[in-house]
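Visitor: Dropping a prediction and its sequence here:
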Number of protein chains: 2
Amino acid sequence: MVSVAILGFGVVGSGVAEVLSTNAEKIAHSAGQEIGVKYILDIRDFPDSPFKDLIVKDFSIIENDPEVQIVVETIGGVGPAYEFTRRALLAGKSVITSNKELVATHGYELLQLARERNLNYLFEASVGGGTPIIRPISQCLAANEIDELYGILNGTTNYILTQMIQNGMSFEEALKQAQENGFAEANPAADLDGVDACRKICILASLAFGRHVYPDSVPTEGITKVTPSDVGFAASGGYKIKLLGRAVKRPDGKAACYVGPHLIDENNLLSNVEGVFNGIVVHGNAIGSVMFYGAGAGKLPTASAVVADIIDASKHFKARKQIDWLDADPNSLFDPDTLENRWYVRCRADLASAEKLFGNVTALSNKAAEGENAFITEKMSKAALEARLKDLAPLSVFRVLD
Amino acid sequence: MVSVAILGFGVVGSGVAEVLSTNAEKIAHSAGQEIGVKYILDIRDFPDSPFKDLIVKDFSIIENDPEVQIVVETIGGVGPAYEFTRRALLAGKSVITSNKELVATHGYELLQLARERNLNYLFEASVGGGTPIIRPISQCLAANEIDELYGILNGTTNYILTQMIQNGMSFEEALKQAQENGFAEANPAADLDGVDACRKICILASLAFGRHVYPDSVPTEGITKVTPSDVGFAASGGYKIKLLGRAVKRPDGKAACYVGPHLIDENNLLSNVEGVFNGIVVHGNAIGSVMFYGAGAGKLPTASAVVADIIDASKHFKARKQIDWLDADPNSLFDPDTLENRWYVRCRADLASAEKLFGNVTALSNKAAEGENAFITEKMSKAALEARLKDLAPLSVFRVLD
């Protein structure tokens, strides 16, 4: 019998308790022993919950109970979550988390703590919600040198863009609907501005390339500037607009990450990742491209990923999983603006002016966008693009996924 | 240092040697120690290969060398591959394979042998080529009761169907092109008739549902009856025709599998899985639906999956991976023909006759198919369908993926 303590009884924490209880038999079979929740830490009371007797208010009860071998942190943020994770590891307990902000911000330090004590710090649920991605990168693709990964990492923004594309909504209408349906928070800034996707691409890049990539080194643009006009122009060329996080490792070993809206060809598998779903593509030197797709958030899908980590940790109390990386090194990064790709540009200028600046361009059309034009350039770096754009006063500029 | 012996120096076997050599540093980091090839068993000589000095002709050299801890079987078939796998396990060596026929036919028995000796018998490469699927089901989804899985499991047939859909080729033309490009064997019957997909859905169902499903309990239909006329009718309704293997577990715990062509809505992610790629959807009670996508065959992708298993086995010499199942039990199966779905029917009869038999149907159109009609029925079992079809003399009958 393995005893688990859950920190934070919110959406994910209560989902973990529910999955451990509902699928107890299957989980015991997979883990080779029963797994039970001994404590749930929360400042609130839950008099109507079947788990109400497990609630404690003082972390030191968990910290000092040697029976607790695994701590599940679903508090979120970098305040108490950070403190309790450190203390749990120092107390000799493996820690499982769904907290992408904490892993992206303090992952290296916490992994180091875990390594020194021969414990596991696992975070499958921090990226892709329920979609398996951390374990596939670290195990299934372990034979590969990974040189690129990119994907739709944020369900809220993908839901909004899907509504704009499929139902012709404005950004504001789609956001309102997302909030009404529980797919966007009351304060959705971290999603809309790409901050959430940024944290996730940092975690994936750190894992795949072996060095911590911190969020402040990742140029990040959200979806607030995407308009119905852009959606229409993109559609005329067979493209959908999606927010992607992308990480690239050059042959010289240097890496770069960025987050921003992209035009994706509708024949690309990622273009059919709709609504709150996530899709992540990984490219390795032996395997080529693989894609992982699933629910990017939600109580039970996220809990499913947390519980997979609990099972894994319970089978590896004395053996570490190969989920680890070195600290950041500024010399291991390159500027993502030097990456070359085609660009989508919307402007009031006519196409003749665009061709004077860019040479060959692919024109797009949108009858609803009066007085506007849009086109796709040849491949070039961001610097080369901006040098040519300065006389064009563009309304929108997005990358095209090549 | 872990010593590996590779049985069979064909496409996959030579790919394994190549990946172990090319990515040696990354692999040693993942495994925590170096992994080297000590022997390669083949009846042929390879005087021009960099691995020529490792070739041996007598399996007993490998069998009797206690330094060899892992045997990689890439011979294929159920003759020598079966014998050598048994002997390797009896000699205390873990075995890794890409051989779907052997796992589908003798998997239970070989897993039992491995279990009795606390060894691992791993076969990630047997389904999906390089696409991670065995480990995700057994580990990433370990918290879930899995109730359904289906997918495009055979790259050859998907390549042929893609050519028919995208380029209007006939089946015969597309097959010829597949053979010229090395995507179909000289004798392609096992692919075209669905036998290969059948073996793969058997392996996935055995793993996901916990009991061996043998190929002879799986109704299997290939793609040889799919015509350009069907492709055109399907397209008019927004569908693509794909060969799927599908496994369903009912709430009463009984399971059923089958293989056959399906019409798939073009908004479904699977419909964009083109060419030799594979895509596999798994549905669990916590996670909902997830999809895994990647190269379904090929030297390096398949080798990538084999080497991931080698790394895993090298980290678990004294601990078994949770990849195991019980033997088949006829009482645990139900007849897949009782599953209800919509059906695609092509015939010479007019739609009025069809509606007399079926009530509401959705008509499809294809100007190139003179004198033919096609329609989609409401949901019904195969028995209900066939009772109504007998007066219609249908030309094609395929399931619709609902």
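Guide: Nice, thanks for sending it over. Numbers count the residues shown, from 1 in each chain, chains lettered A, B, ... in the order given.

Visitor: Under the pLDDT cut-off, which ranges of the stretch 251-400 of chain A? List them.
Guide: Scanning the stretch 251-400 of chain A for pLDDT under 70 picks out no residues.

Visitor: got the residue ranges for the helices in it?
Guide: Counting by DSSP state H, counting those that start in this stretch, the stretch 251-400 of chain A has helices at residues A:299-314, A:351-358, A:382-389.

Visitor: Could I get those helices in CSV, plus columns for distance to chain B and mean neighbour count?
Guide: Where C-beta positions appear, they are placed from N, C-alpha and C, glycine not excepted. As requested, these are exported to CSV (distance: least, Cβ to the nearest Cβ, whole Å; neighbours: other Cβ atoms under 10 Å in any protein chain shown):
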stretch, distance to chain B, mean neighbour count
helix A:299-314, 3, 28
helix A:351-358, 31, 15
helix A:382-389, 29, 16
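
Visitor: Most distant residue from the centre of chain A?
Guide: Residue farthest from the centre of chain A, counting by Cα atoms, centre = their mean, is A:Ala352 at 40.2 Å.

Visitor: so which of the helices of the stretch 251-400 of chain A gets nearest A:Arg320?
Guide: helix A:299-314 (10.1 Å; Cβ to Cβ).

Visitor: Would you mind naming what in the stretch 301-402 of chain A lies close to chain B?
Guide: A:301, A:303-305, A:307-308, A:310-312, A:315, A:319, A:322 (Cβ under 8 Å from any Cβ of the partner chain).

Visitor: Report the two of those separated the most.
Guide: A:Pro301 and A:Ala319 (27.7 Å).

Visitor: and A:Gly279, how many neighbours?
Guide: 28 (other Cβ atoms under 10 Å in any protein chain shown).

Visitor: Not counting sequence-adjacent ones, nearest residue to it?
Guide: Spatial nearest neighbour of A:Gly279, chain neighbours left out: A:Val273 (3.6 Å); criterion: Cβ to Cβ, 6 or more residues apart in numbering or on different chains.

Visitor: Could you pull up the residues touching that neighbour?
Guide: Shown in contact with A:Val273 (Cβ atoms under 8 Å, 6 or more residues apart in numbering or on different chains): A:152, A:158, A:242, A:279, A:293, B:269.

Visitor: hey, what's the first one bridged with?
Guide: Taking DSSP bridges as the rule, A:Ile152 bridges to A:Gly279.

Visitor: State whether it and A:Gly279 are indeed in contact, as I suppose.
Guide: Yes: using Cβ atoms under 8 Å, A:Ile152 is in contact with A:Gly279, at 5.0 Å.

Visitor: Common neighbours of those two, please.
Guide: With Cβ under 8 Å, 6+ apart, A:Ile152 and A:Gly279 have common neighbours A:270, A:273.

Visitor: now A:Lys254, nearest residue through space, not along the chain?
Guide: A:Phe334 is the one closest to A:Lys254 (Cβ to Cβ, 6+ apart), at 4.3 Å.

Visitor: Over to A:Ser217?
Guide: Using Cβ to Cβ, 6+ apart, the closest residue to A:Ser217 is A:Leu333 (6.0 Å).

Visitor: Any chance of the contacts of A:Val273 in CSV with distance to B:Gly194 as columns?
Guide: Shown next, in CSV, are these (distance: Cβ to Cβ, whole Å):
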residue, distance to B:Gly194
A:Ile152, 33
A:Asn158, 35
A:Lys242, 35
A:Gly279, 28
A:Tyr293, 25
B:Leu269, 22
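
Visitor: so which of those residues comes closest to A:Gly182?
Guide: A:Asn158 (14.9 Å).

Visitor: Where does the closest one fall, secondary structure wise?
Guide: Following DSSP states H and E, the helix or strand that holds A:Asn158 is helix A:155-167.

Visitor: What residues sit buried inside that helix?
Guide: A:155-165 (16 or more other Cβ atoms under 10 Å in any protein chain shown).

Visitor: what's the answer for stretch A:9-17, then?
Guide: So for stretch A:9-17, counting by 16+ other Cβ under 10 Å, buried means A:9, A:11-17.

Visitor: Pull the contacting residues for the closest residue in space to A:Val282 that isn't next to it in sequence.
Guide: Excluding the flanking residues, the one nearest A:Val282 by Cβ to Cβ, 6+ apart is A:Leu149, at 4.6 Å. By Cβ under 8 Å, 6+ apart, the residues touching A:Leu149 are A:137, A:201, A:204-205, A:208, A:246-247, A:280-283.

Visitor: I'd like to know how far A:Leu149 sits from chain B.
Guide: 13 Å (Cβ to the nearest Cβ, to the nearest Å).

Visitor: Let me know the pLDDT of that residue.
Guide: The per-residue pLDDT reported for A:Leu149 equals 98.

Visitor: Next, it: secondary structure please.
Guide: Three-state call for A:Leu149 (DSSP: H, G, I helix; E, B strand; the rest coil): strand.

Visitor: same check, this time on A:Phe46
Guide: Going by three-state DSSP: A:Phe46 is coil.

Visitor: go on, the one 3 residues further on?
Guide: A:Ser49 carries the three-state label coil when classified by three-state DSSP.

Visitor: I figured it hits A:Ser21, correct?
Guide: No: at 11.3 Å, A:Ser49 does not count as touching A:Ser21 under the criterion of Cβ under 8 Å.

Visitor: distance of the most centrally placed residue in chain A from A:Leu153?
Guide: For chain A, the residue sitting closest to the mean C-alpha position, by Cα atoms, centre = their mean, is A:Lys200 at 3.3 Å. In this view, A:Lys200 and A:Leu153 are 4 Å apart by Cβ to Cβ, to the nearest Å.

Visitor: Common neighbours of these two, please.
Guide: Between them, A:Lys200 and A:Leu153 share the contacting residues A:127-128, A:245, judged by Cβ under 8 Å, 6+ apart.

Visitor: Buried only: go through these for me.
Guide: Applying 16+ other Cβ under 10 Å to the shared contacts of A:Lys200 and A:Leu153 flags A:127-128, A:245 as buried.

Visitor: tell me which parts of the stretch 1-150 of chain A are close to chain B?
Guide: A:19-20, A:22-23, A:26-27, A:29-32, A:124, A:130-132, A:135-136, A:138-145.

Visitor: again, only using 6 Å
Guide: A:19, A:23, A:26-27, A:30, A:130-132, A:135-136, A:140, A:142-145 (Cβ under 6 Å from any Cβ of the partner chain).

Visitor: tell me the two of the residues you listed that are most distant?
Guide: Farthest pair in the residues of the stretch 1-150 of chain A next to chain B (Cβ to Cβ) is A:Asn23 and A:Glu145. Separation: 36.4 Å.

Visitor: neighbours around A:Asp265, how many?
Guide: Residues near A:Asp265, counting by other Cβ under 10 Å: 14.

Visitor: Hmm, A:Val16 and A:Ala303 touching each other?
Guide: Yes: under the criterion of Cβ atoms under 6 Å, A:Ala303 makes contact with A:Val16 at 4.6 Å.

Visitor: before we move on, the earlier item: A:Asn23 and A:Glu145: who's more crowded?
Guide: Using other Cβ under 10 Å as the criterion, A:Asn23 and A:Glu145 rank with A:Asn23 on top: 22 against 18.

Visitor: For that one, give me its contacts.
Guide: B:143, B:145 (Cβ atoms under 6 Å, 6 or more residues apart in numbering or on different chains).

Visitor: mind running it again at 7 Å?
Guide: Contact analysis of A:Asn23 by Cβ atoms under 7 Å, 6 or more residues apart in numbering or on different chains lists B:143-145, B:286.

Visitor: Can I get the shared contacts of A:Lys200 and A:Leu153 in TSV including pLDDT and secondary structure?
Guide: Listed next are those as TSV, based on pLDDT from 0 to 100; DSSP: H, G, I helix; E, B strand; the rest coil:
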residue	pLDDT	secondary structure
A:Val127	97	coil
A:Gly128	95	coil
A:Gly245	98	strand
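
Visitor: Confirm that A:Phe183 sits in a helix.
Guide: No: per three-state DSSP, A:Phe183 lies outside any helix segment and is coil.

Visitor: what number of residues lie near it?
Guide: Neighbours of A:Phe183 using other Cβ under 10 Å come to 23.
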